[in-house]
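Chemist: what's the 3D shape of this:
(one chain, ligands or ions: 1)
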Amino acid sequence: MKIISCIEELRDHLRGQLRTAFVPTMGNLHDGHLSLMRLARKHGDPVVASIFVNRLQFGPNEDFDKYPRTFQADVEKLEKEGVYILFAPTEKDLYPEPQEFRVQPPNDLGNTLEGEFRPGFFSGVTTIVLKLFSCVQPSVAVFGKKDYQQLMIVRNMSKQFALPTEIIAAETFRAEDGLALSSRNMYLSSEERAEAPALFQSLNAVANEVRSGHLDIFELERQAMADLGKRGWKPDYISIRKRANLQPPSAGDMAQGEKLVVLAAAKLGATRLIDNLEI
Ligand code: PAF
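Modeler: Numbering: from 1, shown residues only. Alright, predicted model coming up:
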């Protein structure tokens, strides 16, 4: 595997490649990331991964400085997955001057759910993803469904800017007890780790209620948040949305069997976890 930090050198290596498959990451790789690499390999060749902890998507009180950086271990894992190039730019490589141009996702998609609780997050994500796409010029890029809203926003961005990059969705990789794998799980104490699967259980409970015909979504959301609250969680949201555009379903949508997804974000101690489940 070649490890490249310079944009020009990356382009030299990839010139003429027509089926590059790309997996952008912020490092601290776990089995979930590795499943994205395997999916990328099915959809293209060569596989390029990136590791870059993107300052633009962290809020002032978020964990940019303490975000886990485990470069050497990450390199070993990617080598085993047959990744051809690891693009690992420094901040200077990607932002030789301050990044003043920004991608601005539309309000209805970018300022709801995660966007409501992490202002500017999706502008930071889409700006770096567009820039990484410009560096790698992939024909496909793989994003996990764990970050459901991110996946949808990146997909819409690629479509609206007519980028030549097809966005592929990878299923969420879960531990045996149901907890979605995430780099932030390593912040959990052992008691918190034992409690953490309750988030996915709560999503399953909501999904089962909807499937069995419970149509009062506000009551379901309220109940699920209250139940998690009683267990010591601080939920930001548990929200049933339309898969098509992540907007709340109307009564008519519910009656017509609109395809739904339930999304959640909640703090357990100091760690904020997110998860979702298609209904
Ligand atoms: O999902 C992530 O790890 C990040 O948001 C991404 C897509 C690598 C952009 O920094």
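
Chemist: ok, residue 52 to the ligand distance?
Modeler: Using Cβ to the nearest ligand atom, to the nearest Å, we find residue 52 at a distance of 7 Å from the ligand. (Glycine included, C-beta is placed from N, CA and C.)

Chemist: Run the chain-centre distance for the longest helix along the chain.
Modeler: For the chain, the helix with the greatest residue count under DSSP state H is helix 121-136. Centroid separation between helix 121-136 and its chain, computed with Cα atoms, centre = their mean, to the nearest Å, is 13 Å.

Chemist: try stretch 117-132
Modeler: For stretch 117-132, the distance to the chain centre is 11 Å (Cα atoms, centre = their mean).

Chemist: got it, and stretch 71-80?
Modeler: 20 Å.

Chemist: 25 is where my numbering starts, stick with that
Modeler: Sure thing, new numbering starts at 25, so read that last one as stretch 95-104.

Chemist: Say whether the ligand is contacted by that stretch.
Modeler: No - counting by Cβ under 6 Å from any ligand atom, the ligand is not contacted by stretch 95-104; separation bottoms out at 12.3 Å.

Chemist: How about that stretch, which residues are buried there?
Modeler: For stretch 95-104, the buried set under the neighbour-count rule, 16 or more other Cβ atoms under 10 Å, comprises 98, 99, 101, 102.

Chemist: Need the residues you listed in TSV (columns: secondary structure and pLDDT).
Modeler: TSV is the format used below for those (DSSP: H, G, I helix; E, B strand; the rest coil; pLDDT from 0 to 100):
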residue	secondary structure	pLDDT
98	helix	98
99	helix	98
101	helix	98
102	helix	98
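
Chemist: just the strands in the stretch 75-224 of the chain please.
Modeler: Using DSSP state E, counting those that start in this stretch, the strands found in the stretch 75-224 of the chain span residues 109-111, 164-168, 190-194.

Chemist: Save those as JSON lines, and put in mean neighbour count and mean pLDDT too.
Modeler: Listed next are those as JSON lines, based on neighbours: other Cβ atoms under 10 Å; pLDDT from 0 to 100:
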{"stretch": "strand 109-111", "mean neighbour count": "24", "mean pLDDT": "98"}
{"stretch": "strand 164-168", "mean neighbour count": "24", "mean pLDDT": "98"}
{"stretch": "strand 190-194", "mean neighbour count": "18", "mean pLDDT": "98"}
